[in-house]
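Student: Here is a sequence with its predicted model. Questions after.
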Amino acid sequence: MSKRKKHMPRREFLRSAAAGVGGMALSAMPASSYARILGANARVRVGVVGFSDRFKSSLLPAAAAVGKELDFEIVAVSDIWNRRRDEGAAQIQKVTGNRVRAFRNNEEMYDAQITDAVIISTADFQHAYHGVEAMQAGQDAYIEKPLAHTMEDAVAIRDAVKKAGRVVQIGTQRRSARNYQMANEYLRSGKFGDIVMAEMTWNVNQPGRWRRPQLVGSIKEQDTDWKRYLTNLPHEPWDPRKYLEYRLFWPYSSGIPDQWMVHQIDTVHWFTDLPRPRSVVANGGVYLWKDGRQNWDTATIVFEYGPLNDPSKGFQVVYSSRMTNAAGDVKELYYSNAGMLNLDTNEVTPQGGLTERHAADMGMKANQLAPMKLEEAARTETAANTGADRATTANVRNWMECVRSRQKPNADIEAGYNHSVALCMTVAAMHTGRKVTFDDRKHEVVSL
């Protein structure tokens, strides 16, 4: 019987993450030693933390597609709900042909010492907590986004990764998509000019999005472990909706920002090397789908970006998302004075650039981009229902390659921390209705 604690309260979670040790910890060896022991050709044994819809539909096919080539094998699945645990073991065997061991919780899986790395795809609020567990167990990790939506958790997981020296990839897969990589190269070439604005949308018309009414009606508290589910959150009575429809309820998720916004705002950080917004304001609410949810079905969020030490330079990012009308779909549009980069069509165009007529009025020259196409890319790389798309497969491949090489992956812990800061600022703006900034020294969101 394991002597590990069944639950790590918030204070212990934060303290153990900062110290690099705790009730869940195994002795983690340095990355250089791990690399030598693992060897270039040794099989990497992977455990699955949470058999979620995301893992089933996208991460499992991606891992199966590249795992054999890179000699990664899924050997275990941990899930606190007996139904998902059994379904996970069966589905992994169906897809990969491998029989896996099923564990009731992560402690049991880590105690078995049969894994070298884990894929974490649990509820939004659990990612950092389970990531800290993995670091303390000496595991490399692929951690789904969002990395964290509270600053305490964001700091805890970043510190834990740095202390453990593990290879961690965050599930912001745009960083591994070829069209986004080409866009990044193009923007850095200087040919586009300074970004003056970005507009981003993520619109669906799906009353059932994030709803699981049939599962809610069938799950029983005794089938799972509600205390473990709450991780480091304060205790509250069993609620099957918050277990299965957690994206509708704070503090389990912020909904739209946790799920969709972080993907797109992460590209701003990547393309510009800006670590966070200077300020954030937000407006929205539950306007149509009044089904008991707390998180908004409609949101408009305005970010100001620019050099943190030079407020005279900058640009805005306007992010809008609604779950009540799908017009506009998913868009990412970057503007300069000379035109537009459209990451929906993967094109650069002179649209909106300074024309000869208006330039001449001020004794200036026209400023118009030459039209060009980025490499053709599957539309699923930007669609709301990503599925087992090429970007996710590329992101999993990059993680696996970096586990072997011990190099920094495309979506490393700093990228995850930065999108978490933007997310925490957004959540604060939503909850307070005030303009929000950030104190880098204290790692704190500041409401004005």
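Tutor: Happy to help now that I have it.

Student: Check which helices and strands the one helix or strand residue 135 maps to sits against.
Tutor: According to DSSP states H and E, residue 135 maps onto helix 127-136. Packing partners of helix 127-136 (3 or more Cβ pairs under 8 Å, 6 or more residues apart in numbering; DSSP states H and E): helix 10-19, helix 106-112, strand 117-120, strand 140-143, helix 151-164. Every C-beta, even on glycine, is put in place using the N, C-alpha and C of the backbone.

Student: of all the ones you listed, which lies closest to residue 92?
Tutor: Residue 92 sits nearest to strand 117-120 of all the helices and strands packed on helix 127-136, at 10.9 Å, using Cβ to Cβ.

Student: Give me the sheet partners of that closest one and which way each runs.
Tutor: Strands that pair with strand 117-120, judged by DSSP bridges, come out as strand 44-49 (parallel), strand 140-143 (parallel).

Student: I'd like those strands laid out as CSV, including mean neighbour count.
Tutor: Converted to CSV, the strands paired with strand 117-120 look like this (neighbours: other Cβ atoms under 10 Å):
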stretch, mean neighbour count
strand 44-49, 25
strand 140-143, 28
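
Student: Looking at these, which is nearest to residue 426?
Tutor: Within the strands paired with strand 117-120, the stretch nearest residue 426 is strand 140-143; the backing value is 19.6 Å (Cβ to Cβ).

Student: Would it be right to say that residue 196 lies in a helix?
Tutor: No - assessed with DSSP: H, G, I helix; E, B strand; the rest coil, residue 196 is strand; it does not lie in a helix.

Student: shouldn't it be in contact with residue 315?
Tutor: Yes - between residue 196 and residue 315 there is a contact under Cβ atoms under 8 Å: 5.3 Å.

Student: out of these two, which sits in the more crowded spot?
Tutor: residue 315 (19 against 14; other Cβ atoms under 10 Å).

Student: Might one say that that one is in contact with residue 193?
Tutor: No - contact between residue 315 and residue 193 fails when scored by Cβ under 8 Å: they sit 11.3 Å apart.

Student: May I see the strands paired with strand 117-120 arranged in a markdown table, with distance to residue 357 as well?
Tutor: Below are the strands paired with strand 117-120 laid out as a markdown table (distance: least, Cβ to Cβ, whole Å):
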| stretch | distance to residue 357 |
| --- | --- |
| strand 44-49 | 59 |
| strand 140-143 | 51 |
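
Student: now the ones you listed in a markdown table, with distance to residue 176 and mean pLDDT?
Tutor: Output for these, formatted as a markdown table (distance: least, Cβ to Cβ, whole Å; pLDDT from 0 to 100):
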| stretch | distance to residue 176 | mean pLDDT |
| --- | --- | --- |
| strand 44-49 | 18 | 98 |
| strand 140-143 | 12 | 98 |
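
Student: wait, which of those is closest to residue 121?
Tutor: strand 44-49 (7.1 Å).

Student: picking up where we left off before, would you mind saying which of the helices and strands packed on helix 127-136 lies nearest residue 342?
Tutor: Nearest to residue 342, of the helices and strands packed on helix 127-136 and by Cβ to Cβ, is strand 140-143 at 29.7 Å.

Student: picking up where we left off before, packed most tightly, which of the helices and strands packed on helix 127-136 would that be?
Tutor: Most buried of the helices and strands packed on helix 127-136, by mean neighbour count (mean count of other Cβ atoms under 10 Å): strand 140-143, with a mean of 28.

Student: ok now that strand, how far from the chain's centre?
Tutor: Computed by Cα atoms, centre = their mean, to the nearest Å, the chain-centroid distance of strand 140-143 equals 12 Å.

Student: Next: stretch 75-87.
Tutor: Counting by Cα atoms, centre = their mean, stretch 75-87 is centred 22 Å from the centre of its parent chain.

Student: Could you say which one of the strands paired with strand 117-120 comes nearest to residue 93?
Tutor: Proximity to residue 93, assessed across those by Cβ to Cβ, is greatest for strand 44-49 (12.2 Å).

Student: Next, the angle from that closest one to helix 127-136.
Tutor: Between the axes of strand 44-49 and helix 127-136, defined by axes from the mean of the first three to the mean of the last three Cα atoms, to 10 degrees, the angle is 150 degrees.

Student: Not counting its own residues, what contacts the helix or strand just after strand 44-49?
Tutor: Of the helices and strands lying after strand 44-49 in sequence (DSSP H and E), the nearest is helix 53-54. Residues outside helix 53-54 that contact it (Cβ atoms under 8 Å, 6 or more residues apart in numbering) are 121, 144.

Student: if I've got this straight, residue 396 is in a strand?
Tutor: No - assignment of residue 396 by three-state DSSP gives helix, placing it outside any strand.

Student: didn't it look like it was pressed against residue 142?
Tutor: Yes - if you go by Cβ under 8 Å, residue 396 and residue 142 touch, sitting 6.7 Å apart.

Student: Which neighbours do these two have in common?
Tutor: 59, 169.

Student: The helices and strands packed on helix 127-136: which one's closest to residue 365?
Tutor: Taking the helices and strands packed on helix 127-136 one by one with Cβ to Cβ, helix 151-164 is closest: 45.5 Å.

Student: right, and residue 421 touches residue 276 too?
Tutor: Yes - with contacts counted by Cβ under 8 Å, residue 421 reaches residue 276, the gap being 4.5 Å.

Student: Could you tell me which residues touch both of those two?
Tutor: residue 438.

Student: Just give me the residue right at the centre of the protein.
Tutor: residue 145 (1.7 Å; Cα atoms, centre = their mean).

Student: For that residue, give me its contacts.
Tutor: 127, 170, 171, 172, 262, 263, 266, 416, 419 are the contacts of residue 145 under Cβ under 8 Å, 6+ apart.

Student: Figure out the helix or strand that residue 359 lives in.
Tutor: helix 356-360.
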